[in-house]
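S.K.: quick check, what structure comes out for this input:
(2 chains)
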Amino acid sequence: MIENDGYNLRLYVAGQTPRSVAALANLKKICEQHLAGRYEIEVVDLMKNPALAQRHQIVAIPTLIRQLPEPLKRIIGDLSNLEKVLVGLDIQPT
Amino acid sequence: MAELKRDIPQPPLFDDAQETVEAIHRGIVDAVVVMKGSEGPQIIMLQGADEPYRVLVERMSEGALTFGPDGVILYVNGRVCELTGYPAERLVHRDIATLFDGEAPTLVPNISLEASLLRNDNTSLPVSVWAGPVSIGDTSATLVTLTDLSVHRRAEQIAAAERFARSVLEQSTNAILVLAPNGRITHASWMAAELAQQPPVGHTFSEAFSLEAQSAAQAGTLAHFSAESLDTLLATKPFHGVEVGLQGDAAKRTFLLSAGPLLDDAKASVGSIVTLTDMTERKRAEEQQTTLVAELNHRVKNILAIVQSVARQTIRSSGSLGDFMPVFSGRLKALAIAHDILTQTRWTGIGLEELLTAVLAPHVSTEEERVAMEGPAILLSAPAVMPLSMALHELTTNAAKYGALSVRGGRIDISWTLTGGEDKSVELSWKERGGPKVERGTSAGFGTVLIDRVIAYDLDGTTKIDFDPSGVRCTLAFPLRDQAWSPVNTPRSAID
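M.R.: Next comes the predicted model:
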């Protein structure tokens, strides 16, 4: 149950690139649908501060990091593949 | 279950190189991070054509943001962060409506409207909001620009304040000057420009205005200041209430010279406001009031002196208190009538016939034709009114008690003539007939002494009374001149 108690998600984007914008829109939609009320999203714009890429060893943008619940998980891409995102985040489809 | 999961070894973070390559290949990422020596990580755009636009949007002086169909903010530029006071990560994925103070504006494509942005310090900022559709990749979104209106508002307020100040300067009937800290005039009201010897703006006060003392007191005050020290004083110190005249002012007006500091928002002095207020009318009114009060004092004193004198003379001719009271009271009434006339005519005098009518009124009704009056129109000056009124009162009272007005059928003929050239004099004749026979020795109870005294002393005239058995005859002769009357002088008849 721990992993379902609260999702702390960090999305690394690069300004307003189409994939970054798509990733944020997709993430928001998925969270509202599957994690309503128990998630937090932090958006990190690496265009503004590229050094922040080091913390989670970001290579491609956009990249989503699930910080909580542990373990740390990452999904690379614009999160357009719903099934892959749900699996990647350990979310059971509702 | 959780414990079980912890036991499973975590894959290294960068074990997903293959996934990265696949993602790039599939086009679901559009930027990569590369390490660039000592500079640290750098972002490389895989689709670099929009980079110039990105820089442009990041650097623009207007706030720009995009939000998706559900109202969630997808992107904000640096200016939006400045305007709201929030970092980008606190703004992205928030609802657009939460950016505004109160009700969120209803955004209509390509229409600008005004709204209040809610800042992180709970203040609000007026902004102009413009919205338009934009598509980002395969996502349709709305682009919003935010323009800070506080600068415009401030400029509008400044412009309005400037217009207000200008209209005050232009409309004021006082001379108003604005001085810079160096003493140079920067603004001048219409009246100030009229009074100045030359267009005042750009000059010091002493260059534009030459002060002139109008009295010894003013000269003493002005002697304290050189032109330079006055200029410095006016520009730097509050300065109140020095009365001055201006050289070349044909109207010889008196002005009150004052100065006060001109303060900016931080209450620091940025110059001064100098005013020259025209005091001429006020001073004139003050002087007039002083004169009037002095006059009133003298008149009251004079009246008291006259009353005292009348009382004395009445006592001399009265045998008892019973005799005294009605005579004295009648004489006081005569004084009151004369005083009323003078007050009503504002001490300008009255026609002789009007005075006669006023004095006779208590004893003769207008329906009765018992008194005949004949003579040219004569305007008596104010100083003649009181003594003549008293003399006529004595004659009238006597006629009412013992003479023509004491019986039915008795009559009085009053006539007067104006004689002489420049020094005109009046000769007034009073003839009673049809009354009781006048006995010898009647003069004892008659106000002969009083009549003689006021006509001789106060009018420089003569009195002749003849107690003819058929009726009293009296001739009063006095010069008609605009006597050098002053309220300061007590009537001579009232001085023993």
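
S.K.: summarise which helices and strands the one helix or strand B:A192 maps to is packed against.
M.R.: Element membership for B:A192, per DSSP states H and E: helix B:190-195. If you count contacts as 3 or more Cβ pairs under 8 Å, 6 or more residues apart in numbering or on different chains; DSSP states H and E, helix B:190-195 packs onto helix B:150-171, strand B:175-179, strand B:269-278. Where C-beta positions appear, they are placed from N, C-alpha and C, glycine not excepted.

S.K.: in that helix, which residues are buried?
M.R.: By neighbour count on 16 or more other Cβ atoms under 10 Å in any protein chain shown, the buried set for helix B:190-195 is B:M191, B:A192, B:A193, B:L195.

S.K.: repeat that for stretch B:405-423.
M.R.: Counting neighbours by 16+ other Cβ under 10 Å, the buried set in stretch B:405-423 is B:L405, B:G410, B:R411, B:I412, B:D413, B:I414, B:W416.

S.K.: ok, so of the residues you listed, who is nearest B:A358?
M.R.: B:I414 (13.3 Å; Cβ to Cβ).

S.K.: where along the stretch 1-150 of chain B do the strands fall?
M.R.: According to DSSP state E, counting those that start in this stretch, the stretch 1-150 of chain B carries its strands in the segments B:31-35, B:41-45, B:63-67, B:73-76, B:112-118, B:124-136, B:139-148.

S.K.: show the backbone phi and psi for B:N122.
M.R.: phi 70, psi 10 (degrees, to the nearest 10).

S.K.: compute the number of surrounding residues for it.
M.R.: By other Cβ atoms under 10 Å in any protein chain shown, 8 other residues sit near B:N122.

S.K.: for B:D101, see how far away it is.
M.R.: The gap separating B:N122 from B:D101 is 9 Å, by Cβ to Cβ, to the nearest Å.

S.K.: I'd assumed B:V270 was in contact with B:L262.
M.R.: Yes: look at B:L262 against B:V270 with Cβ atoms under 8 Å: they come within range, at 5.6 Å.

S.K.: more neighbours: which of these two?
M.R.: A direct count of neighbours by other Cβ under 10 Å for B:L262 and B:V270 places B:L262 higher, at 19 against 13.

S.K.: find me the pLDDT at the more buried one, would you?
M.R.: pLDDT, B:L262: 87.

S.K.: ignoring the adjacent residues along the chain, who's closest to it?
M.R.: Spatial nearest neighbour of B:L262, excluding adjacent residues (Cβ to Cβ, 6 or more residues apart in numbering or on different chains): B:G271 at 4.4 Å.

S.K.: please parse chain B into its domains.
M.R.: Following automatic domain parsing, chain B resolves into domains at B:2-148, B:153-278, B:344-495.

S.K.: right, so these: which one is the most enclosed?
M.R.: Of all the domains of chain B, domain B:344-495 has the most neighbours on average by mean count of other Cβ atoms under 10 Å in any protein chain shown, namely a mean of 17.

S.K.: quick one: average confidence on it?
M.R.: 85.

S.K.: if we can go back for a sec, can I get the helices and strands packed on helix B:190-195 in CSV including mean pLDDT?
M.R.: Converted to CSV, these look like this (pLDDT from 0 to 100):
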stretch, mean pLDDT
helix B:150-171, 85
strand B:175-179, 91
strand B:269-278, 89
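
S.K.: can I get these in TSV with distance to A:N26?
M.R.: As requested, the helices and strands packed on helix B:190-195 are exported to TSV (distance: least, Cβ to Cβ, whole Å):
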stretch	distance to A:N26
helix B:150-171	37
strand B:175-179	64
strand B:269-278	58
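
S.K.: quick check: the nearest residue to B:T397 once chain neighbours are set aside vs chain A, distance?
M.R.: In space, and not counting its chain neighbours, B:T397 is closest to B:G330: 5.4 Å by Cβ to Cβ, 6+ apart. Remark: distance between B:G330 and chain A (Cβ to the nearest Cβ, to the nearest Å) = 111 Å.

S.K.: my read: B:G330 touches B:H393, true?
M.R.: Yes: with contact defined as Cβ under 8 Å, B:G330 counts as touching B:H393 (6.9 Å).

S.K.: ok, for B:S210, nearest residue in space, not its chain neighbours?
M.R.: B:Q247 (4.0 Å).

S.K.: phi, psi for that neighbour please.
M.R.: phi -60, psi 140.

S.K.: give the contact list for it.
M.R.: Going by Cβ atoms under 8 Å, 6 or more residues apart in numbering or on different chains, B:Q247 touches B:Q197, B:S210, B:L211, B:E212.

S.K.: look at it and report its pLDDT.
M.R.: 85.

S.K.: tell me the bridge partners for A:E40.
M.R.: A:N8 (DSSP bridges).

S.K.: thought it was touching A:N8?
M.R.: Yes: using Cβ under 8 Å, A:E40 is in contact with A:N8, at 5.1 Å.

S.K.: so which residues make contact with stretch B:24-31?
M.R.: Under Cβ under 8 Å, 6+ apart, the answer for stretch B:24-31 is A:14, A:17-20, A:46, A:60-63, A:76-78, A:80-81, B:20, B:23, B:32, B:43-47.

S.K.: for chain A, which helix is longest?
M.R.: If you go by DSSP state H, chain A has its longest helix at helix A:18-34.

S.K.: can you give me the buried ones in that one?
M.R.: A:18-31, A:34.

S.K.: does anything pack onto that helix? Which helices or strands?
M.R.: strand A:7-13, strand A:39-45, helix A:82-88, strand B:73-76, strand B:124-136, strand B:139-148.

S.K.: and of the ones you listed, who's closest to B:T280?
M.R.: strand B:124-136 (49.7 Å).

S.K.: how about that closest one, does it reach chain A?
M.R.: Yes: with Cβ under 8 Å from any Cβ of the partner chain as the measure, strand B:124-136 is seen reaching chain A through B:I136.

S.K.: neighbouring contacts of that strand?
M.R.: By Cβ under 8 Å, 6+ apart, strand B:124-136 touches A:16, A:18, A:21-22, B:63, B:66, B:74, B:83, B:101, B:105, B:107-119, B:140-150, B:153.

S.K.: cutoff 6 Å now
M.R.: Contact with strand B:124-136 is made by A:18, A:21, B:101, B:105, B:107, B:109-110, B:112-119, B:141-147, B:149-150, B:153, as judged by Cβ atoms under 6 Å, 6 or more residues apart in numbering or on different chains.

S.K.: returning to that earlier point: turn the strands of the stretch 1-150 of chain B into CSV, including mean pLDDT and distance to B:A97.
M.R.: Below are the strands of the stretch 1-150 of chain B laid out as CSV (pLDDT from 0 to 100; distance: least, Cβ to Cβ, whole Å):
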stretch, mean pLDDT, distance to B:A97
strand B:31-35, 79, 30
strand B:41-45, 81, 31
strand B:63-67, 88, 10
strand B:73-76, 85, 10
strand B:112-118, 90, 10
strand B:124-136, 86, 12
strand B:139-148, 85, 12
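
S.K.: right, and those strands - which one's nearest B:Q218?
M.R.: strand B:124-136 (53.7 Å).

S.K.: so how far is that closest one off the chain centroid?
M.R.: 51 Å (Cα atoms, centre = their mean, to the nearest Å).

S.K.: quick one, that strand and strand B:112-118 angle?
M.R.: Taking axes from the mean of the first three to the mean of the last three Cα atoms, to 10 degrees, strand B:124-136 and strand B:112-118 form an angle of 120 degrees between their directions.
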